[in-house]
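Q: Can you look at this prediction? I've put the sequence above it.
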Amino acid sequence: MNVQLNTEPLSSWIDTGGKPLIIAGPCSAETEEQYLETARAIAKEGYAHILRAGVWKPRTRPGSFEGVGEPALPWLQKAKEETGLPTSCEVATPQHVELALKYGVDALWVGARTTVNPFNVQDLADSLKGVDVPVFIKNPVNPDLALWVGAFERIAGAGITKLGAIHRGFSNAQEAKYRNSPMWQIAVEFKSIFPDIPMIGDPSHMAGKRAYLAELTQRAMDLNYDGLIIESHRNPDEAWSDAAQQLTPDALGEMLKGIEFRNETYGADFQDELERLRGRLDNLDRELLEVIAARMAVVEQLGEYKRDNNVAVLQLDRWNKVHDSRAEWGKSLNLYNETVEELFKLIHMESIRKQTEVMNQQPA
Ligand SMILES: C=C(O[C@@H]1C=C(C(=O)O)C=C[C@H]1O)C(=O)O
């Protein structure tokens, strides 16, 4: 995918002193007291650069707390006056954009349930024309990279240049460890398409549970993310939304203290060893491809043999044996089981493709 957008680097629109950007605040602004108390405690801890607050909340089913709406916006203004921290909130409609800007909210984000809908994103883009405000775009709820990219094209098309991506994970069809599966590969692919757009991890929405916040935060930092957006509430257990995944401002401070923030740059010694090891990987990858090519040559011969004897390409009994034995071999080699499975599924599909091609060729 080749996409060029006119964006400004994060460091030109917010000074984080070279550290990852931290956006913290409650899932929802519930009452003036709750919001201000939480904001003050976060500011006192000193780790945050931007305050967050849900003002309008898209909820799966009606009847849940859907946010306070416009009356909460003056609380954000007060929090900013008192703490000096800029504020941010989610916007899902042009009316939200208008109100957030009217009350001086400093940064906006587009939620995952909005990113999925191009009509909705285009409406937001149209309402942002001529405005200079940072906009973060969360990944869509479904693992569709092109949809995420498309949302950036629409918002950038409106002239917004201060753009950030928020990786909040993807909905699960079944019960899974995390509330939203990270599927890190999608964010890594996003980073390779848009290397200049900051990637902000949202461990709160990935985790769904406090217990998983630290491991997900660490993972995001290991992948060199540019920042984090984390939910923090003065009294998480009594939160009106997302109670299980929020932390008190001081517990969030403790959690962040336990995270290893990786260096972005490296010295000459590190560089030498890095190049030596990467050289070994280059050789091994070359050999890996040679082995795959040798396998494909045998697959092709087998295909010709099947064609000449009018035997079907797909042989489930054999495939099941291949699948099970390779899983066993992988295990004995200490390889991650799912990776071995995925790899052989791919290899099998490629064999099927090749043999189908052979099947439909005339014998030489
Ligand atoms: C190579 C064959 O054809 C297909 C491809 C397989 C493979 O890639 O290992 C296994 C079974 C078949 O579905 C075969 O029949 O052995």
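A: All right, it came through fine.
Q: so what's Gln361 scoring on pLDDT?
A: If you check Gln361, the pLDDT there is 89.
Q: Count the neighbours of it for me.
A: Per other CB atoms under 10 Å, the neighbour tally for Gln361 reads 10. Backbone N, C-alpha and C define where each C-beta goes, glycine included.
Q: Quick one: name the residues of the stretch 151-300 of the chain near the ligand.
A: Val299 (CB under 6 Å from any ligand atom).
Q: For the stretch 151-300 of the chain, which residue gets nearest to the ligand?
A: Going by CB to the nearest ligand atom, the ligand is nearest to Val299 of the stretch 151-300 of the chain, at 5.0 Å.
Q: what are the ranges of the helices in the stretch 251-364 of the chain?
A: Per DSSP state H, counting those that start in this stretch, the stretch 251-364 of the chain carries helices over the ranges 268-308, 316-332, 337-359.
Q: Go through those helices and pick out the most buried.
A: Ranked by mean neighbour count, the helices of the stretch 251-364 of the chain are led by helix 337-359 with a mean of 14 (mean count of other CB atoms under 10 Å).
Q: Give me the contact status of that helix with the ligand.
A: Yes: Helix 337-359 lies within reach of the ligand by CB under 6 Å from any ligand atom, at 347-348, 351-352, 355.
Q: what residues are up against the residue of the stretch 151-300 of the chain closest to the ligand?
A: Counting by CB atoms under 8 Å, 6 or more residues apart in numbering, Val299 touches 351, 354-355.
Q: Trp184: which of those is nearest?
A: Ser351 (28.4 Å; CB to CB).
Q: Quick check: the closest one touching Met296?
A: Yes: taking CB atoms under 8 Å as the definition, Ser351 is a contact partner of Met296 at 7.4 Å.
Q: Which residue, other than its chain neighbours, is closest to whichever residue of the stretch 1-150 of the chain sits closest to the ligand?
A: Taking CB to the nearest ligand atom, the ligand has its nearest neighbour within the stretch 1-150 of the chain at Pro143, 26.8 Å off. Nearest residue to Pro143, sequence neighbours excluded (CB to CB, 6 or more residues apart in numbering): Phe170, at 4.4 Å.
Q: Just the pLDDT for Asp269.
A: Listed pLDDT for Asp269 reads 88.
Q: before we move on, what about Thr265?
A: pLDDT recorded at Thr265 is 75.
Q: any idea how far it lies from Glu175?
A: Thr265 sits 41 Å away from Glu175, going by CB to CB, to the nearest Å.
Q: Ser325 now?
A: When distance is defined by CB to CB, Ser325 is 30 Å away from Glu175.
Q: Could you grab the helix/strand/coil label for Gly63?
A: Secondary structure assignment for Gly63 (DSSP: H, G, I helix; E, B strand; the rest coil): coil.
Q: and Ser88, that's in a strand?
A: Yes: under three-state DSSP, Ser88 sits within a strand.
Q: dump the residue contacts of it.
A: By CB under 8 Å, 6+ apart, Ser88 lies in contact with 23, 25, 50-53, 105-109, 136.
Q: before we move on, what about Lys57?
A: Lys57 sits next to 27-28, 64-67, 90, 241 when contact means CB under 8 Å, 6+ apart.
Q: any idea which element it lies in?
A: In the assignment (DSSP states H and E), Lys57 maps to no helix and no strand.
Q: That one - nearest residue in space that isn't next to it in sequence?
A: Closest residue to Lys57 apart from its sequence neighbours, by CB to CB, 6+ apart: Gly67 at 4.0 Å.
Q: which residues are contacting stretch 346-356?
A: Residues outside stretch 346-356 that contact it (CB under 8 Å, 6+ apart) are 292, 295-296, 299-300, 302-303, 306, 313-314, 319, 322-323.
Q: And stretch 24-37, by the same measure?
A: Applying CB under 8 Å, 6+ apart, the contact partners of stretch 24-37 are 38-39, 42, 47-48, 50-55, 57, 65, 67-68, 72, 75-76, 78-79, 82, 88-89, 204, 229-235, 239-242, 245-246, 249, 252.
Q: next one: stretch 248-268
A: Stretch 248-268 has contacts (CB under 8 Å, 6+ apart) with 19-20, 22, 24, 38, 41-42, 44-47, 213-214, 217-218, 221-222, 224, 230, 232-236, 247, 274.
Q: what about it, distance to the chain center?
A: Put simply, stretch 248-268 sits 19 Å off its chain's centre (CA atoms, centre = their mean, to the nearest Å).
Q: Now do Gly63 against Pro71, distance only.
A: Taking CB to CB as the measure, Gly63 falls 20 Å from Pro71.
Q: So for these two, which sits in the more crowded spot?
A: Taking other CB under 10 Å, Gly63 and Pro71 do not tie; Pro71 has more neighbours (10 against 6).
Q: could you dump the strand or helix carrying Tyr35 to PDB, C-alpha only?
A: If you go by DSSP H and E, Tyr35 is part of helix 32-45. C-alpha atoms of helix 32-45 as PDB (Å, rounded to 0.1, in the frame of the first residue of the first chain):
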ATOM      1  CA  GLU A  32     -17.500  17.500  38.000                       C
ATOM      2  CA  GLU A  33     -16.100  16.300  41.300                       C
ATOM      3  CA  GLN A  34     -15.000  12.900  39.900                       C
ATOM      4  CA  TYR A  35     -13.400  14.400  36.800                       C
ATOM      5  CA  LEU A  36     -11.600  17.200  38.600                       C
ATOM      6  CA  GLU A  37     -10.300  15.000  41.400                       C
ATOM      7  CA  THR A  38      -9.000  12.500  39.000                       C
ATOM      8  CA  ALA A  39      -7.400  15.100  36.800                       C
ATOM      9  CA  ARG A  40      -5.700  16.700  39.800                       C
ATOM     10  CA  ALA A  41      -4.400  13.400  41.000                       C
ATOM     11  CA  ILE A  42      -3.000  12.600  37.500                       C
ATOM     12  CA  ALA A  43      -1.400  16.000  37.200                       C
ATOM     13  CA  LYS A  44       0.200  15.600  40.600                       C
ATOM     14  CA  GLU A  45       1.700  12.200  39.600                       C
END
